[in-house]
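**Q** Quick one: sequence plus predicted model below, questions after.
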Amino acid sequence: MLRTIFRTALLAGSLLNLATAQSTTATTTTTSAASTATACNNSPALCNRAYNNITQLGAHDSPFVRDASTSYSISGNQYYNTTVQLSAGVRLLTAQVHNTNTSAPATGEWHVCHSSCQLLDAGRLRTWLGEIKTWLDGNPSEVVTLLLVNSDSASAASLAAEFDAAAIVPYAYVPPSLSTAPTVWPTLASLIANNTRLLAFVADLPPAAAAAPYLMNEFTFIFENAYDNTSPANFSCAASRPTSYANNAGAALSAGLMPLQNHFLYATEAFGIEVPDTAALNNTNAPSGAVGNLGDAAKACSGAYGRAPTFLLVDFFNVGPAIATVDALNGVARAVGRSGAGTSAAQAPVSSSAGASASASASASGGGSARGWERMAWTGALIATVAAAIA
Ligand SMILES: *[C@@H]1O[C@H](CO)[C@@H](O)[C@H](O)[C@H]1NC(C)=O
Ligand SMILES: *[C@@H]1O[C@H](CO)[C@@H](O)[C@H](O)[C@H]1NC(C)=O
Ligand SMILES: *[C@@H]1O[C@H](CO)[C@@H](O)[C@H](O)[C@H]1NC(C)=O
Ligand SMILES: *[C@@H]1O[C@H](CO)[C@@H](O)[C@H](O)[C@H]1NC(C)=O
Ligand SMILES: *[C@@H]1O[C@H](CO)[C@@H](O)[C@H](O)[C@H]1NC(C)=O
Ligand SMILES: *[C@@H]1O[C@H](CO)[C@@H](O)[C@H](O)[C@H]1NC(C)=O
């Protein structure tokens with residue numbers, strides 16, 4: 001694969017006029033509010049299940065939203081923001097953390113940005129954590145998982161400063177060990193009883209208990225299948241990361257790692273640019289259907305692992321709806337307490353060709369580092385792109 005370096009210069013003013021939104025039908029789905037108080041993660045049946053023995057819906061790139069707030073940036077992977085995601089049943093949030101000054105991180109700020117802060121800057125990490133904290137405040141029987149992609153190698157102390165600033169630390173669960181996955185995780189009910197309802201993973205972060213005993217290195221606790229798929233036929237249940245367990249999901253499971261199933265597709269455009277494949281989305285997130293649908297893929301991985309995946313990670317979570325597959329795996333027939341996004345596939349125009357001329361993507365995924373450089377769209381404002389390809 002080519003490693004491509006893009007130098008981008010942002011020109012003032014958004015010329016990507018994608019803002020002519022179609023109807024933004026954010027209808028209320030669900031629920032009978034009655035038994036909400038006794039529900040854990042939207043169901044009474046989940047309270048006594050261990051944290052690792054339920055399936056949780058993940059919003060890939062949660063803060064990178066394709067809505068009016070980003071002028072419908074095609075760098076957005078979700079149609080609805082983090083608060084709406086949580087209220088609709090999402091329980092895993094992923095985001096990339098970048099420094100606003102990569103040449104001198106000490107002078108910069110830690111932001112949630114997609115690929116680079118010049119491309120799509122969703123604001124300070126502490127602000128986003130504050131949004132999650134507010135939601136936890138208002139939803140006292142819900143357990144939320146965070147997975148931060150540590151793109152610019154923030155230290156545990158730097159990340160902890162963001163958690164502190166958001167006043168979210170009291171919610172953070174501290175595992176018995178940062179260097180070994182536990183054999184038994186607490187139940188949702190016990191996490192809720194202790195009010196330690198935030199589980200925070202970072203990829204990658206060496207164990208750094210002194211700075212932040214609640215920051216768990218993702219690949220000590222979780223393994224993933226491959227995430228960089230461009231064809232519905234490419235989804236695989238084989239373990240991909242950490243590399244120590246590549247193609248050996250059995251060993252990862254034996255070591256107590258929880259399965260995270262990536263299930264989102266990229267479409268390749270001109271110049272090898274990759275953007276979320278919204279044309280395939282209806283099927284990709286559906287509980288059944290053609291090759292590559294979420295329901296069948298989750299069944300396949302459940303079979304391969306001998307247990308359901310702990311996390312299903314999707315783009316545009318409301319489409320499908322993806323939560324239907326999660327509910328099926330959890331045996332939850334009537335979820336309670338959900339509200340928010342409807343299942344509309346397109347809150348905004350999804351014509352990727354409209355953005356292609358003004359966008360480019362770095363597919364600098366390359367070797368070592370965790371998920372730091374995913375393939376992504378480069379857009380937002382008009383971006384002048386100078387690409388230099390290195391073999
Ligand atoms: C996971 O939960 C299911 C459903 O309650 C239960 O049958 C199974 O024994 C549990 N497995 C573990 C390893 O806790
Ligand atoms: C999230 O989106 C909803 C619906 O569009 C909006 O009302 C709310 O203000 C947003 N919240 C944040 C924190 O941006
Ligand atoms: C990054 O930090 C360096 C060194 O302090 C400074 O010269 C430069 O202007 C900063 N760049 C940005 C974008 O803040
Ligand atoms: C809850 O808190 C008690 C007392 O600190 C502790 O013994 C127990 O392990 C905690 N449970 C969980 C799930 O963290
Ligand atoms: C992905 O799917 C395409 C189309 O089916 C196929 O040509 C390609 O070999 C697959 N790639 C991988 C890595 O499986
Ligand atoms: C997805 O399904 C919805 C509802 O059936 C439909 O309105 C929309 O056009 C579909 N989108 C695509 C890209 O097929």
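**A** Here it is on my side, so go on. Ligands and ions are numbered 1, 2, ... in the order given.
**Q** From the chain's centroid, how far away is stretch 103-116?
**A** Offset of stretch 103-116 from its chain centre (C-alpha atoms, centre = their mean, to the nearest Å): 19 Å.
**Q** So is that stretch next to ligand 3?
**A** Yes: using C-beta under 6 Å from any ligand atom, stretch 103-116 reaches ligand 3 at 103-104, 107. Backbone N, C-alpha and C define where each C-beta goes, glycine included.
**Q** got the residues you listed as CSV, with secondary structure columns?
**A** Formatted as CSV, the entries for the residues of stretch 103-116 next to ligand 3 read as follows, by DSSP: H, G, I helix; E, B strand; the rest coil:
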residue, secondary structure
Ser103, coil
Ala104, coil
Thr107, helix
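**Q** between the residues you listed, which is nearest ligand 3?
**A** Closest approach to ligand 3 among the residues of stretch 103-116 next to ligand 3 (C-beta to the nearest ligand atom): Ala104, at 3.4 Å.
**Q** residue of the stretch 151-300 of the chain with the smallest distance to ligand 6?
**A** Closest contact between the stretch 151-300 of the chain and ligand 6, by C-beta to the nearest ligand atom, is at Asn282 (3.7 Å).
**Q** where does that residue fall, helix, sheet strand or coil?
**A** Going by three-state DSSP, the secondary structure assigned to Asn282 is helix.
**Q** wait, isn't it in contact with Val319?
**A** Yes: checked against C-beta atoms under 8 Å, the pair Asn282 and Val319 is within contact range at 6.3 Å.
**Q** So between those two, which is more surrounded?
**A** Comparing Asn282 with Val319 by neighbour count (other C-beta atoms under 10 Å), the higher total belongs to Val319, at 25 against 17.
**Q** Double-check that the more buried one belongs to a helix.
**A** No: assessed with three-state DSSP, Val319 is coil; it does not lie in a helix.
**Q** ok, now how distant is it from ligand 6?
**A** Here the distance between Val319 and ligand 6 works out to 7 Å (C-beta to the nearest ligand atom, to the nearest Å).
**Q** Ala304: what's it in contact with?
**A** Applying C-beta atoms under 8 Å, 6 or more residues apart in numbering, we find Ala304 in contact with 237, 249.
**Q** ah, wrong one, I meant Pro259
**A** Neighbour list for Pro259: 222-225, 249, 252-253, 301, 305, 307, 309-311 [criterion: C-beta under 8 Å, 6+ apart].
**Q** and stretch 193-200, which residues are buried?
**A** The neighbour-count criterion (16 or more other C-beta atoms under 10 Å) identifies 196-200 as the buried residues of stretch 193-200.
**Q** Return it as CSV; C-alpha atoms alone will do.
**A** Coordinates of each C-alpha in stretch 193-200 appear next as CSV, following Å, rounded to 0.1, in the frame of the first residue of the first chain:
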residue,chain,number,x,y,z
ALA,A,193,-24.0,0.8,42.5
ASN,A,194,-20.4,2.2,42.9
ASN,A,195,-21.2,4.9,40.4
THR,A,196,-18.0,3.9,38.5
ARG,A,197,-19.9,4.0,35.2
LEU,A,198,-17.2,5.1,32.8
LEU,A,199,-14.7,2.6,31.4
ALA,A,200,-11.8,4.4,29.7
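**Q** Now do that stretch, average pLDDT.
**A** Averaged across stretch 193-200, the pLDDT comes to 98.
**Q** ok, is that stretch in contact with ligand 4 or not?
**A** Yes: with C-beta under 6 Å from any ligand atom as the criterion, ligand 4 is reached by stretch 193-200 at 194, 196.
**Q** Other residues contacting that stretch?
**A** Taking contacts as C-beta under 8 Å, 6+ apart, the residues outside stretch 193-200 that touch it are 51, 132, 136, 140, 142-146, 148, 163, 168, 170-174, 186, 191, 214-216.
**Q** Which parts of the stretch 201-350 of the chain are strands?
**A** All strands of the stretch 201-350 of the chain, identified by DSSP state E, counting those that start in this stretch, fall at 215-217, 222-225, 239-241, 258-262, 266-268, 274-276, 311-314.
**Q** do the first one and ligand 4 meet?
**A** Spelled out, that is strand 215-217. No: judged by C-beta under 6 Å from any ligand atom, strand 215-217 and ligand 4 are separated, with a smallest distance of 13.6 Å.
**Q** helices and strands around that strand, which ones?
**A** Under the contact definition 3 or more C-beta pairs under 8 Å, 6 or more residues apart in numbering; DSSP states H and E, strand 215-217 sits against helix 156-165, strand 198-203.
**Q** Pipe the ones you listed into CSV and attach distance to Ala45 per row.
**A** Compiled in CSV, these are given as follows (distance: least, C-beta to C-beta, whole Å):
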stretch, distance to Ala45
helix 156-165, 31
strand 198-203, 20
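**Q** Now the residue of the stretch 1-150 of the chain found nearest ligand 4. Nearest residue, chain neighbours left out?
**A** Here the residue of the stretch 1-150 of the chain nearest ligand 4 is Tyr51; by C-beta to the nearest ligand atom that distance is 8.7 Å. Once its chain neighbours are removed from consideration, Tyr51 has its nearest residue in Trp185; the separation is 4.1 Å (C-beta to C-beta, 6 or more residues apart in numbering).
**Q** mind listing what the one you found touches?
**A** By C-beta under 8 Å, 6+ apart, the contact set of Trp185 is 50-53.
**Q** Am I right that it sits in a strand?
**A** No: counting by three-state DSSP, one finds Trp185 to be coil, located in no strand.
**Q** separation between it and Arg197?
**A** Between Trp185 and Arg197 the distance is 13 Å, computed by C-beta to C-beta, to the nearest Å.
**Q** Same check on Gly320?
**A** Here the criterion is C-beta to C-beta. By it, Gly320 lies 26 Å from Arg197.
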